[in-house]
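In: sequence plus the predicted model coming up.
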Amino acid sequence: MVSKEKYADQSVWDTLALVKPLKQPVLVVINKLLADSQTLVVESFKERWQQVRGDKLPSIMPILFSKGDITGAQTELLRLLDTNIQKINYKRQDTAAIGFIRQYWQAWVAPIKSEQEAQVQWQLLIEKAVAEAASNYQRDYLNHPHHYDTFQNAMAKLLTLLEVPGVAKLISQSRKVLTWPLRKVFSASRKKYTQAYSGTIETAVLQQIAEHVLLQLGDNILDQIELTQGNNKWWKSVNTQLRQDKAVILKRFEHTTFTYHESFKQEIEDTAQDLYLKLEEHPAILNSLRATRVTADAAMLALAVQAGGIGLHDLILAPAMLSVTSYLTESAIGGYLHRAEAELKQQQLNTVKRLLFKQVLQQSLTGLPEKMMHNSYFNISARQLAEAEAQLEEKKHGLRIL
């Protein structure tokens, strides 16, 4: 039903062309006509019908504009409607409907598939960025000769386990300076120890990596906006959501980094304990370490680190620490020492990948599309679309899922 002003609108004719394959009777009602232009409008409509449709002319009911009684027009309209309903061919209706759907299916689902392709591409970009983040973490921290300090912290703990009567006088002097027994120092100075080993260098490296991941993905999104002209609206929305959530993601990453450092201290402690147990299997090496003044000096430096007096890197570069490390490396447990360091690195890498890169970065970035306005996008999964297409093939009455 159209008014005389609207019957020439292109959307009317697009709709009439669209439903032509259904091969069902059409009733056209042209409303609000004036008596002197009724014939002209109806004839014009018929000519356009032949141009657009080309098939048999439909039933046409012109209705004059009226503010009075319209009972007669209503009666005639109902009669024509009933007549057209009786012309419906129900036997071929199902076949025509399925053919109609199949004819336009690919065009209809093209925007859905485009959105799905964008989501897949987004996941690939995230996975690539997270993989590069792990690689950068290994390069800039775990394998960096000046940045990596986790194993040195385990060595510092190992040295504090070497307290023996032979260095009692030295340890006693340190206790007087610190005013606490050695064991009390570790418990009472927990806060200082946390500051002494809080993974400061590692934290800075991880934060830089997280910021780089978000910047890199932002650039990737801009590239996709330029490349995907047909679906850049989706990418623009993701870009907007990323800018909005960037600060929140980085804050969560920072908090999780702190939690990771606190929990990973136990792994460092375990490594130190394992090294000490290994030394006990080699009494000669253990007694040699305990008998040397350089070991006592290194132990005092390690104690000072854990009490918060000096930084871990001061310990690493200290001649006493270098001597002890060199001695252990060249000793019978040198191979075990290297394996312990490699295992600690691998544990650290696995923990960082799981807690920070996957559970924070990857999960946060993967969830960005879900935060976009649901009424702006289809949010139809590939599985749902496949189920709909399967029903189109299997059910003669067409789709019922969408």
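Out: The structure has been received and is ready for your questions.
In: the closest residue to Leu158 other than its chain neighbours: helix or strand, and which one exactly?
Out: Using C-beta to C-beta, 6 or more residues apart in numbering and skipping the chain neighbours, the partner closest in space to Leu158 is Ala272 (4.5 Å). Bear in mind the C-beta positions are built from the backbone N, C-alpha and C, glycine included. Ala272 is part of helix 232-280, with elements assigned from DSSP states H and E.
In: mind giving me the packing neighbours of that helix?
Out: In terms of contacts (3 or more C-beta pairs under 8 Å, 6 or more residues apart in numbering; DSSP states H and E), helix 232-280 is packed against helix 93-137, helix 150-160, helix 200-227, helix 283-291, helix 334-352, helix 363-366, helix 368-371.
In: got the angle for that helix vs helix 150-160?
Out: Between helix 232-280 and helix 150-160, the angle comes out at 30 degrees (axes from the mean of the first three to the mean of the last three C-alpha atoms, to 10 degrees).
In: I'd say Lys267 and Gln348 touch.
Out: Just so we're on the same page, residue 267 is Glu rather than Lys. Yes: using C-beta atoms under 8 Å, Glu267 is in contact with Gln348, at 7.5 Å.
In: Ile60 touches Val26, doesn't it?
Out: No: using C-beta under 8 Å, Ile60 is not in contact with Val26; the gap is 9.4 Å.
In: so of the helices and strands packed on helix 232-280, which one's packed in deepest?
Out: For the helices and strands packed on helix 232-280, the largest average neighbour count (mean count of other C-beta atoms under 10 Å) is found in helix 150-160, namely a mean of 23.
In: that one - contacts with which helices or strands?
Out: Here helix 150-160 touches helix 232-280, helix 293-306, helix 312-317, helix 319-330, helix 334-352, going by 3+ C-beta pairs under 8 Å, 6+ apart.
In: same thing but 10 Å
Out: helix 182-188, helix 232-280, helix 293-306, helix 312-317, helix 319-330, helix 334-352 (3 or more C-beta pairs under 10 Å, 6 or more residues apart in numbering; DSSP states H and E).
In: how far away from the center of its chain is stretch 226-246?
Out: 14 Å (C-alpha atoms, centre = their mean, to the nearest Å).
In: tell me the buried residues in that stretch?
Out: Thr228, Asn231, Asn232, Trp234, Trp235, Ser237, Val238, Asn239, Gln241, Leu242, Asp245, Lys246 (16 or more other C-beta atoms under 10 Å).
In: in a markdown table, list those residues along with distance to Leu385 and pLDDT.
Out: A markdown table is the format used below for those (distance: C-beta to C-beta, whole Å; pLDDT from 0 to 100):
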| residue | distance to Leu385 | pLDDT |
| --- | --- | --- |
| Thr228 | 19 | 76 |
| Asn231 | 16 | 67 |
| Asn232 | 21 | 83 |
| Trp234 | 16 | 89 |
| Trp235 | 20 | 91 |
| Ser237 | 21 | 90 |
| Val238 | 21 | 92 |
| Asn239 | 25 | 93 |
| Gln241 | 24 | 93 |
| Leu242 | 26 | 95 |
| Asp245 | 28 | 95 |
| Lys246 | 32 | 96 |
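In: so which of these is the closest to Asn84?
Out: Nearest to Asn84 among these, counting by C-beta to C-beta, is Asn231 at 41.1 Å.
In: would you mind measuring from the nearest residue to Gln207 once chain neighbours are set aside to Gln359?
Out: Nearest residue to Gln207, sequence neighbours excluded (C-beta to C-beta, 6+ apart): Glu254, at 6.6 Å. Noted for Glu254: a distance of 14 Å to Gln359, by C-beta to C-beta, to the nearest Å.
In: before we move on, the earlier item: switch the helices and strands packed on helix 232-280 over to TSV; also include distance to Thr39.
Out: Formatted as TSV, these follow (distance: least, C-beta to C-beta, whole Å):
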stretch	distance to Thr39
helix 93-137	34
helix 150-160	93
helix 200-227	54
helix 283-291	114
helix 334-352	82
helix 363-366	64
helix 368-371	57
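In: what touches both of Glu267 and Gln348?
Out: Common neighbours of Glu267 and Gln348 are listed as Thr150 (criterion: C-beta atoms under 10 Å, 6 or more residues apart in numbering).
In: wait, which of the helices and strands packed on helix 232-280 is closest to Leu18?
Out: helix 93-137 (7.7 Å).
In: which elements pack onto the closest one?
Out: Partner elements for helix 93-137 (3+ C-beta pairs under 10 Å, 6+ apart): helix 10-18, helix 200-227, helix 232-280, helix 334-352, helix 363-366, helix 368-371, helix 382-394.
In: other SSEs contacting the fourth one?
Out: Applying 3+ C-beta pairs under 10 Å, 6+ apart, one finds that helix 334-352 contacts helix 93-137, helix 150-160, helix 200-227, helix 232-280, helix 319-330.
In: same thing but 6 Å
Out: helix 232-280 (3 or more C-beta pairs under 6 Å, 6 or more residues apart in numbering; DSSP states H and E).
In: just checking, Tyr90 is part of a strand?
Out: No: judged by DSSP: H, G, I helix; E, B strand; the rest coil, Tyr90 forms no part of a strand; its state is coil.
In: export the helices and strands packed on helix 232-280 to JSON lines and tack on mean pLDDT?
Out: Below are these laid out as JSON lines (pLDDT from 0 to 100):
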{"stretch": "helix 93-137", "mean pLDDT": "90"}
{"stretch": "helix 150-160", "mean pLDDT": "78"}
{"stretch": "helix 200-227", "mean pLDDT": "94"}
{"stretch": "helix 283-291", "mean pLDDT": "76"}
{"stretch": "helix 334-352", "mean pLDDT": "92"}
{"stretch": "helix 363-366", "mean pLDDT": "96"}
{"stretch": "helix 368-371", "mean pLDDT": "88"}
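In: looking at these, which is nearest to Gln391?
Out: Per C-beta to C-beta, nearest to Gln391 of these: helix 93-137, 10.6 Å.
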